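Colleague: Make a model of this:
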Amino acid sequence: MAEISARKRIWGWWFFDWASQPYHTLLVTFIFGPYFASVAAEHFLSTGLDNQAAAARAQTVWSWCLTITGLVIGFGAPLIGALADVTGRRIPWIFGFSVMYVVGSSLLWYTMPDGSNMWWMLSAFGLGFVGAEYALIFINSQLPDIGDEENVGKISGSGFAFGYFGGLVSLAIMLALFVEQPNGKTLIGLDPAFGLDAGAREGTRFVGILTAVWYTLFMIPYFMWVRDSDPSGKPGGLSQALNMLSKAVKRVLSRSSLAAYLGSSMLYRDALNGLYGFGGVYATLVLEWNIVKIGVFGIISVLAAALFAWLGGKADKKFGPKPVIKGSIWVLILVCATIVGMDRTQIFGIPLAEGSTLPDLIFFGCGILIGGMGGILQASSRSMMVRHSDPDAPTESFGLYGLSGRATAFLAPALIAIMTTATGSARLGVSPVVGLFILGLILLTWVKAEGDRT
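Modeller: Below you'll find the predicted structure:
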């Protein structure tokens, strides 16, 4: 690693965020998620359900998809992290999960507008999503090798900001050149690029291809400039990994601050992922936005996320991650309460005039805060984990961090699915995220600001 400068290693590490962000920006939140919700809702309408019931059913299907992928990620994260530590290598794992990312996203091209193969496409989405999340575990575990403890907050925040700008650029490309409006034209009035058929929604479906190509291209700097700290590898296998994992869990139970932090982040990051996973779906099913409008909303949200992640990194360096995390959660609680309390006809029970644009304006404001506070929360959470990680086994530590973020990744979508089914309302269905944020904030009380490593 000596021939590669520290600056290049940092930039290479940042490029993972740039390369991988479109899976979350384009697929989960702003393009594929809303497209799938509209396709599913139309499919269920064709079976005889009314509009509200069809919307609720579509949200429930999307919820269970995220629930199942969350279970897969949560149970596998700590084991693969331990395997990486006993072998001393991370790059091969990142490459393998990158293949899953590319294959899964590419297959989304085949999502038909009539919903005829939506179950297969949910499987493809899950494959890519698992690959993206597993790769992120190993990327996070490299942070202690990239910078010293004084600067990891700034490096982490800048990485998230860089990644959000990548998501922004990819979203702008999709809206300008591919995603068709009801009139068949893109946001800037063009036919979808490459002769894609607007009537068959090929412009929107191209999002999977673009995501795969984007990742493949921009992971090149990462693989050129980032190396394993122990590239020669170490002897080790499954039994050693299981033994290491068992010891790691026991160590967590003996460290009150680490245990509280993992529990807290498990809940509030799950709530945040719930917001990301259902923001575009909510806009489609509750506010009746088209995908282009959701995309413009996404540009504003991503700009806010990038700016706030960068500012959050500076705040993290000055004040430490804990107060930054607490402030972000409080803002997100207020935002969630606002979203649950409104639809096209009312806000907190106050009726609105027909055709009022106030819900749209409020949701745009909520999007700015979700993007901004979410960017800060993710970057500062990664920084806080560095303060609690074992320097001799960082991948194991971040495997547990990945577990805390994904062990209950099924919880938010499962609760949303249950609440949506129980209420028959896509709007009320997202209310469980408020409770998850509150529980995470309570557990944060027992977290030491500078960690509890001995």
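
Colleague: Tell me where the model's unsure across the stretch 301-450 of the chain.
Modeller: For the stretch 301-450 of the chain, applying pLDDT under 70 flags the ranges 390-400, 402-408.

Colleague: What ranges does it have for its strands?
Modeller: Counting by DSSP state E, counting those that start in this stretch, the stretch 301-450 of the chain has strands at residues 346-347, 350-351.

Colleague: Buried deepest among the ones you listed, which one?
Modeller: With neighbours taken as mean count of other C-beta atoms under 10 Å, these reach their highest mean count in strand 346-347, at a mean of 14. C-beta: built from backbone N, CA, C; applies to glycine.

Colleague: Pull the residues that contact that strand.
Modeller: By C-beta atoms under 8 Å, 6 or more residues apart in numbering, the residues outside strand 346-347 that reach it are Gly341, Leu352, Leu358, Pro359, Ile362.

Colleague: same thing but 7 Å
Modeller: The contact list for strand 346-347, computed with C-beta atoms under 7 Å, 6 or more residues apart in numbering, reads Gly341, Leu352, Leu358, Pro359.

Colleague: Pull out the buried residues from those.
Modeller: For these, a burial check counting by 16 or more other C-beta atoms under 10 Å picks out Gly341, Pro359.

Colleague: ok, back up a step: can I get the strands of the stretch 301-450 of the chain in CSV including distance to Thr67?
Modeller: Shown next, in CSV, are the strands of the stretch 301-450 of the chain (distance: least, C-beta to C-beta, whole Å):
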stretch, distance to Thr67
strand 346-347, 30
strand 350-351, 34
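
Colleague: nearest to Lys318, of these?
Modeller: Lys318 sits nearest to strand 346-347 of all the strands of the stretch 301-450 of the chain, at 36.8 Å, using C-beta to C-beta.

Colleague: how far does the closest one sit from the chain's center?
Modeller: Strand 346-347 has its average C-alpha position 29 Å from the chain's average C-alpha position, going by C-alpha atoms, centre = their mean, to the nearest Å.

Colleague: What is the subsequent helix or strand relative to the host helix or strand of Ser38?
Modeller: With secondary structure defined by DSSP states H and E, Ser38 is part of helix 32-45. The helix or strand immediately downstream of helix 32-45 is helix 51-87, counting by DSSP H and E.

Colleague: Report the angle between that next one and helix 32-45.
Modeller: Interaxial angle of helix 51-87 relative to helix 32-45 (axes from the mean of the first three to the mean of the last three C-alpha atoms, to 10 degrees): 140 degrees.

Colleague: picking up where we left off before, between the strands of the stretch 301-450 of the chain, which one is nearest to Tyr261?
Modeller: Checking those against Tyr261 by C-beta to C-beta gives strand 346-347 as the closest, at 36.0 Å.

Colleague: is it possible to export the contacts of strand 346-347 to a markdown table including distance to Val130?
Modeller: Shown next, in a markdown table, are the contacts of strand 346-347 (distance: C-beta to C-beta, whole Å):
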| residue | distance to Val130 |
| --- | --- |
| Gly341 | 34 |
| Leu352 | 41 |
| Leu358 | 39 |
| Pro359 | 35 |
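
Colleague: Could you report the neighbour count for the residue lying closest to Leu108 once chain neighbours are set aside?
Modeller: In space, and not counting its chain neighbours, Leu108 is closest to Gly208: 3.0 Å by C-beta to C-beta, 6 or more residues apart in numbering. Neighbours of Gly208 under the rule other C-beta atoms under 10 Å: 27.
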